[in-house]
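# The sequence isn't on hand, but the structure is:
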């Protein structure tokens, strides 16, 4: 009998992996055999996952809590499943979906059902990733339409900015002294100056 491994993935460093870790321990996976990535699921180029694949061998058992923890890319999930089960010949158990347990139903019907469920769930995971991206884009567009600005906050300029500009233009102030009085960088000074000149021109 081979070793038992577990894979845990959260999308960012801020997310909590506790629920997945508890599920792994309940499944009997030793903590030393749990591989964890804190990274997006759109690609399988993840250090912990790649390291796990390197140590997996025929007869090992591999646990993952849900199919979306494995990944969110439909084609990649299908490809990785084939590599793990057909090439490396490990068993996979998706804890939240008992039908996706390759230890059960080794016959033709069992394999067919598992493959069908995998295709449906991996499609759902991929579709959800697409929908999340769309919702983000729609949310950003709606926020921009309501006047919400993204990126770094605008650096304020002093009330006497235009007086400082005139002194600099008249040679009464050196450039370094002008930006020091404004409390802004040279690039911000020039940008605000362009905006000022455009306003005058318009």
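That came through fine. The structure presented is a predicted model; accordingly, all values stated were derived computationally and were not measured.
# Which residue would you name as the spatial centre of the chain?
Centroid check for the chain by Cα atoms, centre = their mean gives residue 40 as the closest residue, at 3.1 Å.
# from what I can see it touches residue 11, true?
Yes - between residue 40 and residue 11 there is a contact at 5.7 Å, judged by Cβ atoms under 8 Å. All C-beta atoms are positioned from the backbone trio N, CA, C, and that covers glycine.
# Can you report phi and psi for the residue nearest to the centre of the chain?
phi -60, psi 150 (degrees, to the nearest 10).
# Contacts only, for it.
Residues near residue 40 by Cβ atoms under 8 Å, 6 or more residues apart in numbering: 11, 72.
# And it, how close does it get to residue 7?
15 Å (Cβ to Cβ, to the nearest Å).
# do residue 198 as well
In terms of Cβ to Cβ, residue 198 sits 56 Å off from residue 7.
# Same check on residue 45?
Taken as Cβ to Cβ, the span from residue 45 to residue 7 is 15 Å.
# Neighbour count for these two, which is higher?
residue 7 (24 against 10; other Cβ atoms under 10 Å).
# what does the biggest strand by length in the chain rub up against?
Taking DSSP state E as the criterion, the chain has its longest strand at strand 4-10. For strand 4-10, contacts defined as Cβ under 8 Å, 6+ apart pick out 16-17, 20-21, 24, 27-30, 33-39, 41, 46, 48-49, 52, 55-56, 60-65, 69-70.
# Same check on stretch 128-137?
By Cβ under 8 Å, 6+ apart, stretch 128-137 touches 41, 42, 68, 72, 73.
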